[in-house]
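S.K.: What follows is a predicted protein model with its sequence.
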Amino acid sequence: MKKLSTYIMVVLVTFFSMISCEKWLDVNTSPDNPTSVTPDQILPVLVFYTSQLEYDHAEYGVYLSQCLTTGGRSQTGSYAYKQGWEFLSMNRHPQWRRHYYDLGVNIFVLTEEAKKNNYRNYALIARTMRLHSTLMTTDLFGGIPLRESYGHIEDLEEYWYADFYEDKSKLQPVYESQEDVYAWLEREVDKLLDLYEDTTWTKCPTNQPINEKMDRIYQGDLGKWAAFTKALKARMLIRKLPNWDNNAKACQEIIDAVDAVLNDPNWQEPLYHYYADGSGEKNAPWGPMQPVINSWESRANLLSSAIPSRFFGHYLLGMYNFSPANVKTISPKIGLSLDPRASRMMSPRGGANNANQEMPLAFRYLDNNKGMDISLKATNYPDLYGIATEGLSILPQNPYTKDDGYVAIYTKEELLFIKAEAEYWLSINQGRTGQDAYETTLLAVDASMERYGVMAADSTSTANLEAKTHAWFRKIRLAKEDFSIATIMQQKYVAMYLLSEQWTDVRRYNHSSSTNGITYNGIFVYDVNKVHVEENIYKLNNPNKFTKAPESFFTETKSLTRPYNLYEAYWTTAINFGVNAKFSPNAWVHRLNYDPETEDKYNVEQLQSLGAYKNPDWLRKRMVWARKNNDYVMSADAIEWE
Amino acid sequence: MKKISLIIAVLCMMVQLGFAQSLTVTGVVTSKDDGQPVIGASILVKGTTNGTITDFDGNYTITADKGQTLVISYVGMKTQEIVVKNAMQNVVLVTDAEVLEEVVVTAMGVVQEKKTLNFAVQSVDNEAITSSKSSNFVSALQGQISGVSVTNAGGSPNSGSQIIIRGISSVNSSQSNEPLFILDGMPLSGGASSMNDINPNDIENITVLKGAAASALYGQEGANGVIMVTTKRNSSGKVTVTANASLQLDTPMRLIETQMMYGPGALGFYKQQTGGGWGPMLAANAPRYNNVKNYFQNGFYHKYDLNVTGGNDKFQGFASANFSRNDGIVPEDYLQKVGIMLKGTYNISKQVSITMMANVNNNQYRGAGSISSIYSWPINDDITNYKNEDGSIRFRYMADEKANSPISPLWSRYMDDGKNRSLRTMLMGSISYKPIKGLEFTGRISYDSSNYSYDGYSVPRFDDSVVLDDSFLGTTEYLTNPYLTQSQLDKIDKDLLGSYSYSASRSGLLTANVMGSYHLELPKEFNMNFMVGAEARMYESSSSALAGRDFIIPGVYSLSNVSESILNSDNSVGHRQKRNAGVFGEIRGDYKGLASLSVTGRWDWSSTLLYEHNPYFYPSVTAGIIWSEIFGISNNWFNYGKLRGNWAMVGKDAQPYLYDRKFKQQTTFPDGGYSSNPTMSVASSLSPEISTSWEIGLELKFFQNRTRFDVAYYSTLADNQIVTVRVSPSAGHILMTRNEGTVKNHGVEIQFDQDIFRKKNLSWTVGLNIGLNRGVLTKLPEGLVELQGGQYGDIFASAFLGGSTTALTGKDYERTADGQVVVDASGYPKISPTKSVLIGNRESLFSGGINTTFRYKGFSVNMLFDGRLGGDIANVTGRGLWSNGMHKALEQYRGRQVVWDGVVQTGIDEAGNPIYEKNVTPITLDATTISNYYYNVSSNFIEDGSYIRLAHLTLAYDFTDLVKNRSKLTNFKCSLTGTNLFLLTRYTGSNPLANASPSAGGTGAAGVDNYSVPMTRGFNFSLTLGF
């Protein structure tokens, strides 16, 4: 019995000693997750997210700029940007999370780790990615949290030499105005360019070499990252045109910024390539494999069910359908559009698979959100990956829509179009007609044609339809006598297909078109005046195979128009946006709403102070760079401007 | 060690043991009320520890000297003392009106007279538990205990269930609101669903401790109440064997009817590559199939039990074994169970006794899977036709994206396989030491472990042994064969080429506690009880998974036969660990049991909180007075009156692993690497969630205790809630766990029992219980109006500030101040741009049940009605039917002109207020209108969940008296039970008790019907034999 009592006492003592032991309770670190990470492990993720950010913006933008549409006609649904613009129910715009979390948090963690090891090269690259991401994010949402966002570092150099970092992040950070964000961006880009010139940073002995596995874009080459930073400065400055700060000085500053890039021997387009033999994801996000990362917040490209819009396909690219009577026996891929890039961007396809209704290959198009005919399927519209061409040799594909293609974070043609636009407005500001803008536009278009592998223009060619089509295109679309800001912006629109700047440009010019009556320097920027040649266009080796562009090419009003079937509660009743729907500049979506799942709940006060809280009118509010600030812009319905 | 071996040997050999004791005194103990034997009455030789209890027939044998006094006692009956005069002495016990029938097992296993308890406690016995024939005893509690709500995921044998007592106390989705389950003093892991592993036939009694005061000693695990399960006890006496078999036929009830007029298509046109019913009206003679009905089958449930009990004054043992198989109404949905329970008590000496218990269950099952596709299957296609004559898969059509070609869900049910296996082992050992009178030490150690594995495959939908040329695309041949082109193969989800997966997990909860208690009798019938104890709890689990896809050799479904094996994303291992410790104590005193007061306190330590927040302390105080006795006002018709009250606090800790930022390996990214893991929040400064509650109760008894009434009011405030919420990514997190918010629950519980007859051969009792709870989320951080739980399209289960903790939010129409829908001039309703409008409350106004038992000699009838008034249900299934053009109402409304019930603004009055008039403008209810103006508005799918149900009706006959003199049978009963025989509800879906996710914590998913398997109606025949 004594023995038993002893046992009980031992058990009791063991218990009490156990529960007083802090170590016994110290089991709250997960054995399955690392709690720290090294810079070389985090950098490849950041570089990837930078390309993904570009894709995310472009994936929304290509529908919002009404370049593509879908076969449905729904007012509501999971993807408001493809449907009736019912954004207030839509959660998780990936761009927001990408900037603050995927890039923002990880850039901060990388910078902290880099500072511990004095890896200054990592810090510079990370900081450049933050500059790029901040610019894109503010241009999508307007005012955003900056200084009170997690891990914000006001000045990299100051942070690097300080012993102490003051974390000013808050759970409900203040939203800073877009003007303030731009002021910081301008300081930041200049500061970064200074640091890229500073050899104590670029040649720091403790810098850790960076290889292609860590940096797929520039392999850690700081000279190239510096040139990219200069390009970002040019992209930032072009926002001043045509509304915000449209004067000769600003124009010259933009031209100088572009020249600084083009004259930099280190300049190389920042392209994120996908390799078939790479590890992890091998397929480009715009490719036919439709890869998607972290499915809960990302969007796969749905080009398999997307359709070129009337504005993009029919008006800008000059695509059209053959009449069935003429063309049962021919299946050309080239020659069905004025713009030779159309055949590289996509492939025409046949009609409904029905013996009585057989239709030939055609570049079909569809009005935005109008809904396709019940007899048609998405597969009757062009293959936007550009691969399914029945019985035809496959042309070099769109480099963006190949599985082993790339994401272009910046292109040469964008730089040239920025310069052309600045040169155009410089000449306007100086009251002269300038040749330089036209010449630069031709270079920009050439760069775009080259990207798509289009053959050089040759109006005399009898053997090569593409060369001849190219010549027709230049004659119609790049005629010097018709040159205007419309030429530049329309060609940039085509060149920016599947790139983020396309929608930014459309918003910068306030969807200027005869539809809403907004002109710049008296010009409807997104009205197409000449769509095609008024002659037989397919008359090469076989004189029996020809047709003529449809009559509609020469009679329709060819203007950018709002989509059909917009969500009625926000977009179609006059009370929502003014007395004159057609001409109101407020009738378009200009920005994305803040995420209803997070910002609507956790930062209500800030949203209310902005007027963004559950307010569909917020979607109509223009960016700081799209507000009327000079007389170059005129509206048919000026009362409704603000 | 030797002694333990001896116990085990005795348990194993129990059946063979005979117990031949030299008998000095024998006799039968019977009840004066009904003349029936009293089973388990205690016989003690006064002044000694020599004692025994009566057997199943009320017999006892005991050695005693002439002239010694036998003390015969039984719960609820007056204790009798008789002097030993001869060898045969029968005893008749009478009901004790003062003591009444109640002693209950309360927190930490302390047995207490109910009259000294000052909190709400309700018990149900084995008969009440088993009469419903539920395989999970928790389901049997619905309607029997006031303030308890049991919901379920549907009519599958594998559907989980959830039990909530007195509402939701934590709105955090990672915090469970289910009570703690205690099996014979042993804490179990898991909620109601995991109680499926306890055989209802092994249960003697269930006690529900509802309030925080009742469970304060259990610490945070008991913050949501405690359900104490006491299994059938060991008994001494001759060996008895009881066998039971039951057979049950289950049929689907309240099947959802779909429209039977329209074929597949869009906008009224027939379209080959669609499902649903938005196509044209079918010709009158076109074939139609009721696919929903045809998909289901009748279910069959059979169960066999055998238990043995026996022992002597040194050893008492109980052993049981059971086997059951339950085939559900969904094809190939089954649950097969084998369970064994062994329990033994060994009295080592007068002071020391040891009890050991082992409960082992082995389950094999396959779930019902998703049934959503049956509701969109077009009516002109037979869902049961899932394969071609040659045995190959039948595609309903071949889609442009061939991988999207639909097949009948029955193909997967019959051709794929997935075996879940689980082994649950519950082990417990306790030792009791009573060194001196009144002083007792108890030590208990228990281990509840689960081992689970899944082994399954899906057979290939497509064959990659042949790769087509692109020229096949779109051809007739292409449309009829299972082959793909190279580009399609590259892109296809490889699972469609067959897949195999295996996963395994294990978990274990080890609990150890020691306790010392001392009972002190003071002069003038004052009593004092002191108790101190300590407890340590350790939980650990781990899981792993493997998968592969694209089988190489046709017909061989193995992980060694896959061409794409074990991708990084298929390969996972997870661990979880948590430790808690606590010390606790209680001081309890009473005067004659008529006035009592107790105080408890507990300090808890938790591994999930920073050490500076440990320990956290919470106390409780309870008091009660039996005023009918104190003031001497009881009489012939009024027998008993008691007022009780309590106040208590309980703390709750957080989930594990919230201290650190975690990084995730991005193996699927082009160059791999690590990045911050957005789903793992950082919360290193959490303090415990604290609930404070008080309760007041009144107990009354009338007419010789034939009429019993108990009413309680309670109020609980759960403050400092630990919630995991989405925050702005700009704050550096996607999810964050933090302390915020307050939840208040208050309510009333009424229990009313009436013995209408109480004769020897005739009895009829009726019990009524009603519970009503109001759960309100009273506080959230500034600006925050709701905490969302599960999302079902646009409908959210939600806790809404100032509103219910179990609300529903979603989209609604614009409405006038008096709630009328605002319609525009064209006749179309206006939809509010706000996404999270409060559109429903899943909490009922009240719920309750009526349980009645009628007995006449061997015949008995038992019925349980349960129901509730109010309590909204989100009919997500119904919403899907509207979306797919399959809702029954479309037969009447589709294509018709309707006038929307609403008002149109016609102007503004002088005060600037809008003027409305009744809408009279008709609109056409076509697919587009339904999509834009009906389907997309969540509030259209919120329905009243009120119901009344005849949960079960059991007719039983006890043949024992007829046969016991003619055979060796000591027990012979038959019963016929019908379940869900009657249901009256306005809810249009299948199951008003639906819970879309019983395992969901926080606001939960009770009241959300998301394609649940329809509830079933069962007919059960049961036979019990005893030897």
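M.R.: Yep, that arrived.
S.K.: can we go C-alpha only for contacts and neighbour counts from here?
M.R.: Noted.
S.K.: measure B:Met538 to B:Lys115 for me?
M.R.: According to Cα to Cα, to the nearest Å, B:Met538 and B:Lys115 sit 35 Å apart.
S.K.: more neighbours, the two?
M.R.: Neighbours per residue, other Cα atoms under 10 Å in any protein chain shown: of B:Met538 and B:Lys115, the larger number sits with B:Lys115, 23 against 17.
S.K.: Hmm, the more buried one is touching B:Tyr591, no?
M.R.: No - counting by Cα atoms under 8 Å, B:Lys115 sits too far from B:Tyr591 to count as a contact (11.6 Å).
S.K.: what does the stretch 801-950 of chain B put close to chain A?
M.R.: B:Lys830, B:Ile831, B:Ser832, B:Pro833, B:Thr834, B:Lys835, B:Thr928, B:Asn932, B:Asn936 (Cα under 8 Å from any Cα of the partner chain).
S.K.: and the fourth one, how many neighbours?
M.R.: Other residues near B:Pro833 number 20, with proximity taken as other Cα under 10 Å.
S.K.: hang on, the earlier thing: name the member of the residues of the stretch 801-950 of chain B next to chain A with the most neighbours.
M.R.: Ranking these using other Cα under 10 Å puts B:Ile831 first, with 24 neighbours.
S.K.: What count of nearby residues applies to A:Gly280?
M.R.: When neighbours are counted by other Cα under 10 Å, A:Gly280 comes out with 15.
S.K.: where's it relative to A:Thr38, distance?
M.R.: Using Cα to Cα, A:Gly280 is found at 19 Å from A:Thr38.
S.K.: Check B:Lys419 too.
M.R.: On the measure of Cα to Cα, B:Lys419 and A:Thr38 end up 42 Å apart.
S.K.: ditto for B:Gly147
M.R.: From B:Gly147 to A:Thr38 the distance is 54 Å (Cα to Cα).
S.K.: which one is residue 361 nearest to, not counting chain neighbours?
M.R.: In the absence of a named chain, this looks at chain A. A:Gly350 (4.2 Å; Cα to Cα, 6 or more residues apart in numbering or on different chains).
S.K.: Hmm, no, I was thinking of chain B.
M.R.: B:Asn361 sits nearest to B:Gly339 (Cα to Cα, 6+ apart), 4.2 Å away.
S.K.: Now the one you found: phi and psi?
M.R.: With angles defined as degrees, to the nearest 10, B:Gly339 sits at phi -140, psi 150.
S.K.: what about it, how many neighbours?
M.R.: The number of residues near B:Gly339, taken as other Cα under 10 Å, comes to 21.
S.K.: Next one: it from A:Glu439, what distance?
M.R.: Per Cα to Cα, B:Gly339 is found 87 Å from A:Glu439.
S.K.: Could you do A:Gly71 as well?
M.R.: 39 Å.
S.K.: Which of the three states applies to B:Tyr714?
M.R.: strand (DSSP: H, G, I helix; E, B strand; the rest coil).
S.K.: so which helix or strand takes in the closest residue to it other than its chain neighbours?
M.R.: In space, and not counting its chain neighbours, B:Tyr714 is closest to B:Glu695: 4.1 Å by Cα to Cα, 6+ apart. For B:Glu695, the host element (DSSP states H and E) is strand B:689-702.
S.K.: who does that strand touch, helix- and strand-wise?
M.R.: helix B:212-215, strand B:638-652, strand B:707-719 (3 or more Cα pairs under 8 Å, 6 or more residues apart in numbering or on different chains; DSSP states H and E).
S.K.: could you redo the last one with a cut-off of 6 Å?
M.R.: strand B:638-652, strand B:707-719 (3 or more Cα pairs under 6 Å, 6 or more residues apart in numbering or on different chains; DSSP states H and E).
S.K.: confidence score at the residue of chain B most remote from its centre?
M.R.: For chain B, the residue at maximal distance from the C-alpha centroid (Cα atoms, centre = their mean) is B:Glu910, at 57.9 Å. Per-residue pLDDT puts B:Glu910 at 87.
S.K.: Same question for B:Ala212.
M.R.: If you check B:Ala212, the pLDDT there is 79.
S.K.: swap in B:Gln704?
M.R.: Confidence score, pLDDT, at B:Gln704: 85.
S.K.: Count the residues that sit near it.
M.R.: The burial count for B:Gln704: 15, using other Cα under 10 Å.
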